[in-house]
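Undergrad: sequence-free structure coming up:
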């Protein structure tokens, strides 16, 4: 209501939650180990593909990631306090946070409780378990988490039960969509944690996490934090890519600590590190070549030479990465990976992504608002209607074929339909009344494998024309 229906209004909560999550990750790494670990972990999370993507999506998963990280940070602070100091405030803060997390996303916000329980059993800290789990904080959690559910039970009991079953039971058991295999998140973790994912096995070999002499309990907590989340999300049959986001945070601490300590000196690297690093260098070089080809393909539709900035950044980063490896300077290796990654994201979000308008809902919503009144009917044919719904703040009817579009455009009343231009000739053939194209707009269509791997289709048009059709003429 304050900002109005805009992309900024839709995404600002995820942006804020993502930024807070980075700060919490830095503080968690710093308290668990030291300042260097916190800085490396925050930089790694900030430059991973998964975190950068979902920090600007209008979804609740980044908020859940922030709440889970905040809950773990409260426990880390609680554990760090001496026995003589009262821990009541951190315990209460922990339950406030999981209450807010439950209000945001439901049962997944309770996962920190299981992580901490497993960790305390492993480290045999029964006194800490009593302080945390036998606490008045449970009443605070109930006070925060239950009011919305009580109100919805009173107002919409049947709908609440239906949605709860669909989102919790059906989604967990794979009834809501096709059930995915247990290993579903393994390749996703590789992609979302790129480029650090290629070096992850080597960093584990280099530094034995569960036997850290300087901070054994800290290493065990990081392993539990990542392992429990990854296991839980893998066992849930109904899976979505964004569910795994909370597990990126402890993984960033693990890799960050290894870079800060295990690979920070001019020492001879283990063979696994060298193999992983040069594999990554070759992969980055291939990415630069693929980006050059793909951008050249797009130049038929985009008049923006700045798009080649991605190739320049990738190539320069690869050269700096190989140079740092040969010098055995692993801080420089880290910088050669993190800085180009951050530059690519800034360049991608600022220069490239605005030109790829897969869903020009804002443009057509503005056009419909200009030509129509609030009582007029609006539909979309074979086009996703979410953006139109959001920007118009009005009902949008989903239309499946030209016959349905013809019926929708029949009087009485004025009607407007957003559709693909290729369907327009067929619509005019089967309708008896005059119809008018009020606006046209171009969008990038969703790419398929042939667009990417068929060289003989070089220069193929990757766009399609959309039209706004109405049963009234312009200005009527």
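TA: Happy to help now that I have it. None of the values given here were measured: they were computed from a predicted structure.
Undergrad: all contacts plus neighbour counts: C-alpha atoms, from now on.
TA: Noted.
Undergrad: which residues touch residue 25?
TA: 38, 41-42, 69, 73, 249, 253 (CA atoms under 8 Å, 6 or more residues apart in numbering).
Undergrad: residue 383 - that's part of a strand, no?
TA: No. Under DSSP: H, G, I helix; E, B strand; the rest coil, residue 383 falls outside any strand and is assigned coil.
Undergrad: when you give positions from now on, start the count at 23
TA: Shifting the count to begin at 23 puts that one at residue 405.
Undergrad: nearest to residue 206, of the contacts of residue 47?
TA: residue 271 (18.9 Å; CA to CA).
Undergrad: that closest one contacts residue 65, correct?
TA: No. With contact defined as CA atoms under 8 Å, residue 271 does not count as touching residue 65 (11.1 Å).
Undergrad: among the contacts of residue 47, name the ones in helices.
TA: The helices, defined by DSSP state H, take in 60, 63-64, 91, 95, 271, 275 from those.
Undergrad: closest one of these to residue 369?
TA: The closest of these, once distances to residue 369 are taken by CA to CA, is residue 64, at 20.2 Å.
Undergrad: that older thread, who has more neighbours out of residue 271 and residue 65?
TA: When neighbours are counted by other CA atoms under 10 Å, residue 271 and residue 65 differ, and residue 271 comes out ahead with 28 against 21.
Undergrad: and the pLDDT at the more buried one?
TA: pLDDT recorded at residue 271 is 94.
Undergrad: I'd like to know how far it sits from residue 217.
TA: As judged by CA to CA, to the nearest Å, residue 271 and residue 217 stand 15 Å apart.
Undergrad: over to residue 173?
TA: Applying CA to CA to residue 173 and residue 217 gives a distance of 46 Å.
Undergrad: check residue 96 too.
TA: 29 Å.
Undergrad: with residue 414 instead?
TA: 39 Å.
Undergrad: mean pLDDT per helix and strand in the chain: which one sits at the bottom?
TA: helix 471-475 (a mean of 55; mean pLDDT, DSSP states H and E).
Undergrad: could you look up the next helix or strand downstream of that one?
TA: strand 485-492 (DSSP states H and E).
Undergrad: mind checking the pLDDT average for that next one?
TA: For strand 485-492, the per-residue pLDDT averages 87.
Undergrad: what of stretch 123-131?
TA: For stretch 123-131, the per-residue pLDDT averages 90.
Undergrad: what about the stretch 323-472 of the chain, any weak spots by pLDDT?
TA: Within the stretch 323-472 of the chain, the stretches with pLDDT under 70 are 323-329, 350, 352, 371-381, 467-472.
Undergrad: show me where it has helices.
TA: Remark: helices assigned in the stretch 323-472 of the chain by DSSP state H, counting those that start in this stretch are 331-348, 352-369, 383-393, 408-414, 424-430, 446-452, 471-475.
Undergrad: among those, which comes closest to residue 104?
TA: That would be, of those and by CA to CA, helix 352-369, which comes in at 33.6 Å.
Undergrad: just the helices in the stretch 23-172 of the chain please.
TA: Under DSSP H, counting those that start in this stretch, the stretch 23-172 of the chain gives helices at 29-54, 57-68, 71-76, 83-102, 110-127, 133-145, 148-155, 159-167, 169-177.
Undergrad: dump the ones you listed to TSV, plus distance to residue 191.
TA: Below are the helices of the stretch 23-172 of the chain laid out as TSV (distance: least, CA to CA, whole Å):
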stretch	distance to residue 191
helix 29-54	26
helix 57-68	31
helix 71-76	25
helix 83-102	19
helix 110-127	14
helix 133-145	16
helix 148-155	26
helix 159-167	19
helix 169-177	17
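Undergrad: and of these, who's closest to residue 445?
TA: Among the helices of the stretch 23-172 of the chain, helix 29-54 sits nearest to residue 445 (CA to CA), with 28.8 Å.
Undergrad: what about stretch 192-204, start to end distance?
TA: 17 Å.
Undergrad: now that stretch: average pLDDT?
TA: 69.
Undergrad: okay if I get the helices of the stretch 323-472 of the chain as JSON lines plus distance to residue 84?
TA: What follows is these, written out as JSON lines (distance: least, CA to CA, whole Å):
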{"stretch": "helix 331-348", "distance to residue 84": "26"}
{"stretch": "helix 352-369", "distance to residue 84": "18"}
{"stretch": "helix 383-393", "distance to residue 84": "24"}
{"stretch": "helix 408-414", "distance to residue 84": "20"}
{"stretch": "helix 424-430", "distance to residue 84": "38"}
{"stretch": "helix 446-452", "distance to residue 84": "41"}
{"stretch": "helix 471-475", "distance to residue 84": "30"}
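Undergrad: can you list these in a markdown table and add distance to residue 259 and mean neighbour count?
TA: As requested, the helices of the stretch 323-472 of the chain are arranged in a markdown table below (distance: least, CA to CA, whole Å; neighbours: other CA atoms under 10 Å):
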| stretch | distance to residue 259 | mean neighbour count |
| --- | --- | --- |
| helix 331-348 | 37 | 19 |
| helix 352-369 | 32 | 19 |
| helix 383-393 | 33 | 17 |
| helix 408-414 | 27 | 19 |
| helix 424-430 | 37 | 17 |
| helix 446-452 | 42 | 13 |
| helix 471-475 | 28 | 12 |
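Undergrad: go through these and name the closest to residue 159.
TA: Among these, helix 408-414 sits nearest to residue 159 (CA to CA), with 38.2 Å.
Undergrad: that older thread, out of the ones in helices among the contacts of residue 47, which comes closest to residue 364?
TA: residue 64 (12.4 Å).
Undergrad: which ones are touching that closest one?
TA: 44-45, 47-48, 274.
Undergrad: tell me which two in these are the farthest apart.
TA: The widest separation within the contacts of residue 64 (CA to CA) is 12.9 Å, between 45 and 274.
Undergrad: higher neighbour count, these two?
TA: residue 274 (29 against 17).
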